[in-house]
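Q: Pasting a predicted model and its sequence here:
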Amino acid sequence: MAYLALARKWRPRNFDEVVGQEHVIKALKHALQFDRTHHAYLFAGTRGVGKTTIARILAKALNCQARDGYNPCGSCATCQELDGGRFVDLIEVDAASRTKVEDTRDLLENVQYAPSYGRYKVYLIDEVHMLSAHSFNALLKTLEEPPPHVQFLLATTDPQRIPVTVLSRCLQFNLKHLSAEQIRGQLEHIAQQEHIDHDASALRALSRAAAGSMRDALSLMDQAIVHGGGSLREAELSSMLGTVAREPVFGLLTAIAAQDAEAVLQLTAEIAQYTPDFTDVLQHLLAILHHAALAQWAPDILKRDEDAERIKALAEQLSAEDLQLFYQIALIGQRDLPLATDPQSGFEMVLLRMLAFRPTVNSVRTPLQSEAPVRTPSAGAAPRVRHEPPVAHANPVVVDSVRPVPGVAAPPASPVRATPGSPNSEWAGLIEATGLGGMARELASHCLLRTLTPEACHLILGRPQAHLRTPQVESTIEAALRKHLATPVKLTISVEGEVDDTPAIQQQRARAERQRRAELTIEQDDNVKAFKELFDAEIVSGSIRPLD
């Protein structure tokens, strides 16, 4: 018997075999179970996601002689004829090759006649958007009021080209791209059933290359089996697809984590020897960075990944800020890569950008790291911006003092305050060092540090901010402290009336001072004074913003 392509051999024959598209399958199952099928269905989606397959299964279920529930039996004469493409009451039409109105009229000429053999006469029109406007008009009346023995099943990759008058007469289902995990699971099942020797990494690469299309995945699998001499290996697959394996990408990220520019360029040159698509290499890099970020925040998700240990090691080498920055640089680099003089140089610049803009190590030390007090900026010193590349500005606004915010009432008598030299004087720096974000940073910034030892951290929170305190947020702060201090520190937060001079209040005062100095700088500018004198001009209130 002649070889049958995997895409044809493994085409689903009932609803339970369909991979993905649960929202469509569920609706069709219920319609069949409760006998509430519509006379016209439109299945829309990109290539290879199951439009025609689902339509054929529905046609089989509608005409099956021994259907129990929703699935066709697959063994009756009707099911066997439908599977073999011999069922006379299934009229399958490719609209791309029959676009003329005469073709549509010929198609509908026998609509009024009862089916020859089955329960329904089913018209399956593929790529229906290719019909001409006159063809749609000829179809419209029959589509609106078909005879009770007729079912219309339409499939399209471009529903926007179908007239709204036709869309309004159909039940429309939008089929989704299949996820890489769904495709990989089906490829794994097929490889086992076909007794094909394979690597898990090769199947993962195939599922990613399929871009959401199961048919493309099976076609690529057929090609890869031939290319690999009957087996599926990542090295052979990479050669066929012009991609790279995960191994050299891990090497690149390890070199970047170590800030070894020479190793980065050497590994890039080695990858370039295989003439890969560097856009694909960046996609590999983005995928690994994404998984490393997941390992930092939700490590249980990566347990099924065969590279989980390497991803975990990378996640421990890089901070959360590094990962987010590298991901953003790679994402933007993917967009800009076609604009480079050549793909390799563009790729190298993306990697060097990661090294150039990597956040510097925070200079603030915690009490557990050093007994020396943290130095605060002296009067007249420009504020230091952490984790930002230096940017030159004209007439920068310099903070030389901290004053109360105008219009803000003073706190009641005897609030809890931070005193110079106390543990709390380093709390703001410790918040930065731990990399807290979101609600955890908000809560920590409204607290004062009472005591900090390797075993315990005691914070004080003002009663007006008590709503910020939740068990989940406290756990996040505690975990960040443990990771940064490398000790099993236990966090305790006490609510005690009102607190003053917290990091949040300090930041608020600093912002107000920067704003005041920015306004003063503009008002004292010679050019601005000249404009005011010559044209009787006024500075628009609220239009001035500090450069930082």
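A: That came through, no problem.
Q: use CA for all of it now, contacts and neighbours both
A: Will do.
Q: Now do the contacts for the closest residue to residue 20 other than its chain neighbours.
A: Counting by Cα to Cα, 6 or more residues apart in numbering, residue 178 is the residue found nearest to residue 20 once chain neighbours are left out, at 6.4 Å. Going by Cα atoms under 8 Å, 6 or more residues apart in numbering, residue 178 touches 20, 21, 49, 212, 213, 214.
Q: just those now: which is nearest residue 339?
A: Minimum distance to residue 339 across the contacts of residue 178 is 27.1 Å, recorded for residue 212 (Cα to Cα).
Q: Now do the contacts for the closest one.
A: Contacts for residue 212 (Cα under 8 Å, 6+ apart) come out as 49, 177, 178, 179, 180, 183.
Q: And residue 221, by the same measure?
A: Residue 221 sits next to residue 206 when contact means Cα under 8 Å, 6+ apart.
Q: cool, the one 4 residues further on as well?
A: Neighbour list for residue 225: 231, 232 [criterion: Cα under 8 Å, 6+ apart].
Q: just to revisit the earlier point, any chance of the contacts of residue 212 in CSV with secondary structure as columns?
A: Formatted as CSV, the contacts of residue 212 follow (DSSP: H, G, I helix; E, B strand; the rest coil):
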residue, secondary structure
49, coil
177, coil
178, coil
179, coil
180, helix
183, helix
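Q: Now the two most distant members of those residues.
A: With Cα to Cα as the measure, no two of the contacts of residue 212 lie farther apart than 49 and 180, at 12.4 Å.
Q: could you measure residue 240 against residue 280, distance?
A: 13 Å (Cα to Cα, to the nearest Å).
Q: One more: residue 455?
A: Taking Cα to Cα, one finds residue 455 at 47 Å from residue 280.
Q: neighbour-wise, which of those two wins?
A: Neighbour totals were compared for residue 455 and residue 280, and residue 280 leads with 15 against 11 (other Cα atoms under 10 Å).
Q: tell me which element residue 448 falls in.
A: Element membership for residue 448, per DSSP states H and E: strand 447-452.
Q: ranges for the helices of the stretch 1-150 of the chain?
A: Counting by DSSP state H, counting those that start in this stretch, the stretch 1-150 of the chain has helices at residues 6-9, 22-33, 51-63, 77-83, 101-108, 133-144.
Q: in the fourth one, what's buried?
A: If I follow you right, that is helix 77-83. 78, 79, 80, 82 (16 or more other Cα atoms under 10 Å).
Q: Export those as TSV, with columns for pLDDT and distance to residue 308.
A: Converted to TSV, the buried residues of helix 77-83 look like this (pLDDT from 0 to 100; distance: Cα to Cα, whole Å):
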residue	pLDDT	distance to residue 308
78	90	49
79	91	45
80	90	46
82	90	46
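Q: Outline the domain layout of this structure.
A: 6-174, 180-241, 246-356, 423-501 (automatic domain parsing).
Q: What is the neighbour count of the closest residue to residue 144 other than its chain neighbours?
A: In this structure, residue 144 finds its nearest non-sequential neighbour in residue 169, 5.9 Å apart by Cα to Cα, 6+ apart. By other Cα under 10 Å, the residues close to residue 169 number 18.
Q: looking at this, residue 169 is in a strand?
A: No: assigned with three-state DSSP, residue 169 falls outside any strand and is coil.
Q: Just list the residues touching it, thanks.
A: Contacts for residue 169 (Cα under 8 Å, 6+ apart) come out as 40, 143, 144.
Q: how far away is the last one from residue 70?
A: From residue 144 across to residue 70, the span is 26 Å (Cα to Cα).
Q: In terms of neighbours, single out the busier of these two.
A: Ranked by neighbour count (other Cα under 10 Å), residue 144 and residue 70 place residue 70 first, with 21 against 15.
Q: Model confidence for that one, exactly?
A: In this model, residue 70 is scored at 88, pLDDT.
Q: you'd agree it is up against residue 32?
A: Yes: using Cα atoms under 8 Å, residue 70 is in contact with residue 32, at 5.4 Å.
Q: For residue 206, see how far away the residue nearest to residue 20 is.
A: From residue 178 to residue 206 the distance is 13 Å (Cα to Cα).
Q: that older thread, most surrounded residue in the contacts of residue 212?
A: For the contacts of residue 212, neighbours were counted using other Cα under 10 Å, and residue 183 has the most, 26 neighbours in all.
Q: For it, which non-adjacent residue is closest in space?
A: Spatial nearest neighbour of residue 183, excluding adjacent residues (Cα to Cα, 6+ apart): residue 207 at 5.4 Å.
Q: Next: residue 25.
A: residue 15 (6.6 Å).
Q: dump the residue contacts of that neighbour.
A: Shown in contact with residue 15 (Cα under 8 Å, 6+ apart): 25, 54, 57, 71.
Q: Give me the distance between it and residue 192.
A: 22 Å.
Q: could you dump the helix or strand of the chain with the lowest mean pLDDT to PDB, C-alpha only?
A: Lowest by mean pLDDT, DSSP states H and E among the helices and strands of the chain is helix 234-241, with a mean of 77. Output of helix 234-241 as PDB, limited to C-alpha atoms (Å, rounded to 0.1, in the frame of the first residue of the first chain):
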ATOM      1  CA  GLU A 234      17.300  18.000  17.200                       C
ATOM      2  CA  ALA A 235      20.600  18.500  15.300                       C
ATOM      3  CA  GLU A 236      19.200  17.100  12.100                       C
ATOM      4  CA  LEU A 237      16.000  19.100  12.500                       C
ATOM      5  CA  SER A 238      18.000  22.300  13.100                       C
ATOM      6  CA  SER A 239      19.900  21.700   9.900                       C
ATOM      7  CA  MET A 240      16.700  21.200   8.000                       C
ATOM      8  CA  LEU A 241      14.900  24.200   9.400                       C
END
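Q: Show residues contacting it.
A: 199, 201, 202, 205, 224, 227, 228, 244, 245, 274.
Q: Neighbours of the closest residue to residue 317 other than its chain neighbours, how many?
A: Distances taken as Cα to Cα, 6+ apart place residue 257 nearest to residue 317, at 6.5 Å, with adjacent residues excluded. Residues near residue 257, counting by other Cα under 10 Å, number 19.
Q: Quick check: residue 257 vs residue 4, distance?
A: Distance from residue 257 to residue 4, by Cα to Cα: 48 Å.
Q: Over to residue 211?
A: Counting by Cα to Cα, the gap from residue 211 to residue 4 is 23 Å.
Q: Looking at those two, which is more packed in?
A: Taking other Cα under 10 Å, residue 211 and residue 4 do not tie; residue 211 has more neighbours (15 against 9).
Q: how about that one, secondary structure?
A: Following three-state DSSP, we place residue 211 in the coil state.
Q: residues touching it, list them.
A: Applying Cα under 8 Å, 6+ apart, we find residue 211 in contact with 177, 180.
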